[in-house]
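[1] Build me a model from this:
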Amino acid sequence: MGMVIPGATASGLDPAPRFISTPRVATRFWESWLLQEGIARVGASELVGRWQRLVVVAPHPDDEVLACGALLQHHVAHGGACLVVAVTDGEASHAGTAGHDALALARQRRDESAAGLQRLGVPEQAVQRLGLPDGRLQAATEELRARLAASVQPGDVVLTTWRLDGHPDHETCGRACAAVCEAQGASLLEAPVWMWHWAEPWDTQVDWTRLCGLGIDAGVQALKLQALAAHRSQLLPRSPTLPPVLDPALIERAGWDTEYFFTP
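    Numbers count the residues shown, from 1 in each chain. Have a look, this model is predicted:
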């Protein structure tokens, strides 16, 4: 990924950059460290009640799977209402490669997203596609907030990417959802997706006390991985010289038996 995002904390300090490149910590070490630290485990019903609507705000196609595919599948399978807000169509994931056709890629990624969500049991009518610019969400913050405010209802549980995740679109969605949830009386959960690449255990930019884990059973985990497999454009090399967008570490984390979220 190779992008630098200035650090930020609740105090407004800027202690370190968040650089998404080769993971600094092996996936297996993260697993053992999280277990050793005793990160709180919660049940799905503690995160979103059966009668609450789960609103998943995904910056790009595939983020809905990576962030919370298991929780989303579990909620829908148990009769819960949901709304998946696809913020961008992911048309910039192959920018700079020979023959890159942004419109064609956007169509492909919408189709991949629809196929993945179908495997999670999400009905087509529960998906809202905003078509905002991939990679340039910060400039569209006001429009994003307005569109979310029109959809989010009091009592909803909104789940999006963490506002310090490292990818600018992920962070923009995190901040926008936080503002909308506060105004609308909705609850907020934030999922770290790229954080595991740039962070290290005990990193001071991460409030580990807010992190909780949702255990995933084998059947739900299989459905999550099937949903991720639908995103072929992100799993295949972008060109003869560029690797896939989703690297082995991220795919390995998608196979964890736990999904992690930051609570308020």
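[2] Every contact and neighbour count from this point should use C-alpha atoms.
    Fine.
[3] Give the buried residues for stretch 67-77.
    67-76 (16 or more other C-alpha atoms under 10 Å).
[4] One more: stretch 107-123?
    Of the residues in stretch 107-123, those scored as buried under the neighbour-count criterion (16+ other C-alpha under 10 Å) are 108-117, 119-123.
[5] contacting residues around that stretch?
    Contact with stretch 107-123 is made by 61-62, 65, 69, 72-73, 76-77, 82, 89-91, 124, 223-224, 226-233, as judged by C-alpha atoms under 8 Å, 6 or more residues apart in numbering.
[6] if we go to 6 Å?
    Contacting residues not belonging to stretch 107-123 are listed as 61, 73, 227, 230-231 [C-alpha atoms under 6 Å, 6 or more residues apart in numbering].
[7] Closest one to G219 out of these, please.
    Of all those, the one sitting nearest G219 is Q73; the distance, using C-alpha to C-alpha, is 10.5 Å.
[8] Skipping its backbone neighbours, what lies nearest that closest one in space?
    Of all residues not flanking Q73 in the chain, L120 sits nearest, at 5.0 Å (C-alpha to C-alpha, 6 or more residues apart in numbering).
[9] What's the local residue count around D203?
    Residues lying near D203 (other C-alpha atoms under 10 Å) number 10.
[10] what's the helix or strand for it?
    No secondary structure element spans D203, as it lies outside all helices and strands (assigned by DSSP states H and E).
[11] Give me the distance between it and W256.
    Applying C-alpha to C-alpha, to the nearest Å, the value for D203 to W256 is 21 Å.
[12] do Q73 as well
    16 Å.
[13] hang on, the earlier thing: just the closest of the buried residues of stretch 107-123 to G131, please.
    For these, the residue nearest G131 by C-alpha to C-alpha is R110; the value is 10.0 Å.
[14] In three-state terms, label the closest one for me.
    Secondary structure state of R110, per DSSP: H, G, I helix; E, B strand; the rest coil, is helix.
[15] Going forward, count from 8.
    Fine by me, first position is 8 from now on; the one you just mentioned is R117.
[16] Run through the residues that contact T168.
    T168 makes contact with 177, 181, 197-198, according to C-alpha under 6 Å, 6+ apart.
[17] Looks to me like S120 is in a helix.
    Yes - judged by three-state DSSP, S120 forms part of a helix.
[18] Could you report the pLDDT at it?
    pLDDT recorded at S120 is 97.
[19] which stretches of this structure have low pLDDT?
    When residues are selected by pLDDT under 70, those of the chain lie in 8-24.
[20] Tell me the one of the contacts of stretch 114-130 nearest L151?
    Closest to L151 out of the contacts of stretch 114-130 is P68 (16.2 Å), distances taken as C-alpha to C-alpha.
[21] Let's verify that closest one: helix, strand, or coil?
    Local secondary structure at P68 is given as coil here, using three-state DSSP.
[22] hey, where'd the helices end up in the protein?
    Along the chain, the segments classed as helices by DSSP state H run 34-44, 51-54, 70-84, 109-126, 148-158, 175-191, 202-205, 225-236, 239-242, 255-261.
[23] can you redo these as JSON lines with distance to P140?
    Conversion of the helices of the chain to JSON lines gives the following (distance: least, C-alpha to C-alpha, whole Å):
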{"stretch": "helix 34-44", "distance to P140": "31"}
{"stretch": "helix 51-54", "distance to P140": "30"}
{"stretch": "helix 70-84", "distance to P140": "16"}
{"stretch": "helix 109-126", "distance to P140": "11"}
{"stretch": "helix 148-158", "distance to P140": "11"}
{"stretch": "helix 175-191", "distance to P140": "9"}
{"stretch": "helix 202-205", "distance to P140": "22"}
{"stretch": "helix 225-236", "distance to P140": "22"}
{"stretch": "helix 239-242", "distance to P140": "18"}
{"stretch": "helix 255-261", "distance to P140": "24"}
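[24] Looking at the ones you listed, which is nearest to P271?
    helix 175-191 (9.6 Å).
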